[in-house]
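Novice: what follows is a predicted protein model with its sequence.
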Amino acid sequence: MQPEIAGDFAEIVDGLEEVTLRRRDGLTTVTVVAAWRQSTNQREAEPSAGTVVEANAEWHLVLAGNVAPRVGDVVLDAHGGQWTILVAEELPPLGRWKCATRELRIAYGCGERMDIERPIWSAGETPEIVGWTYVVTALPVRIQPSKISQPAETSADEDQVGQATFRIILGESIAIEPHDRFVAGDGAVYR
């Protein structure tokens, strides 16, 4: 008797892993019946002497009910890996989903949390920011000072305040828009 591919995936595939699927809102999870990591590759996400490493993996997931994974959801593996779904493709004859995912690891850790806020614009000829809405909250990040620029010549009675530039490395892949801002736990705002 031949196995039924859709129903017997968990019985005919070796190397299944126990994972959880966390929705991109960060508040809800989805039951994963079976998960198989088909392939993984990694490289430096940018020249950093190994400090910032990007890994890509293809996951095959069988989810309970008629639930579908969505772009931005995160596959949490048993080893603490957080794989953000970039593409989710349904494989109906096989009864599962094929997901292209990415994990970004920072050697010294994303030890801080920040909210990302998006502006709410007023209507009219000259739109102004009238408020802010959350894109994501408590996102793990690493904040690295980059440089401090000193102002050009100033007179003796002017304040000599430089402008600091920071590099913020995100623990998860999030689409950022030009006017978004980062808000740290202490209330500091980064633009």
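Specialist: On my side now, so go ahead.
Novice: from now on I want contacts and neighbour counts done on CA atoms only, so please keep to that.
Specialist: Will do.
Novice: which other helices and strands does the longest strand along the chain contact?
Specialist: Longest strand in the chain, counting residues (DSSP state E): strand 129-149. On a contact count with 3 or more CA pairs under 8 Å, 6 or more residues apart in numbering; DSSP states H and E, strand 129-149 meets strand 112-121, strand 163-170.
Novice: worst average pLDDT in those strands?
Specialist: Lowest mean pLDDT of the helices and strands packed on strand 129-149: strand 163-170, a mean of 81.
Novice: adjacent strands (with direction) for that one?
Specialist: strand 129-149 (antiparallel) (DSSP bridges).
Novice: and Leu94, backbone torsions?
Specialist: Backbone geometry at Leu94, expressed as degrees, to the nearest 10, gives phi -100, psi -10.
Novice: what do you get for Ser122?
Specialist: Ser122 has phi and psi values of phi -80, psi 160 when expressed as degrees, to the nearest 10.
Novice: what does the pLDDT read for the residue nearest to it when sequence neighbours are not counted?
Specialist: The shortest distance from Ser122 to any residue other than its chain neighbours is 5.3 Å, reached at Glu128 (CA to CA, 6 or more residues apart in numbering). pLDDT recorded at Glu128 is 92.
Novice: surely Glu128 is in contact with His179?
Specialist: No: proximity of Glu128 to His179 does not meet the contact threshold set by CA atoms under 8 Å, at 11.6 Å.
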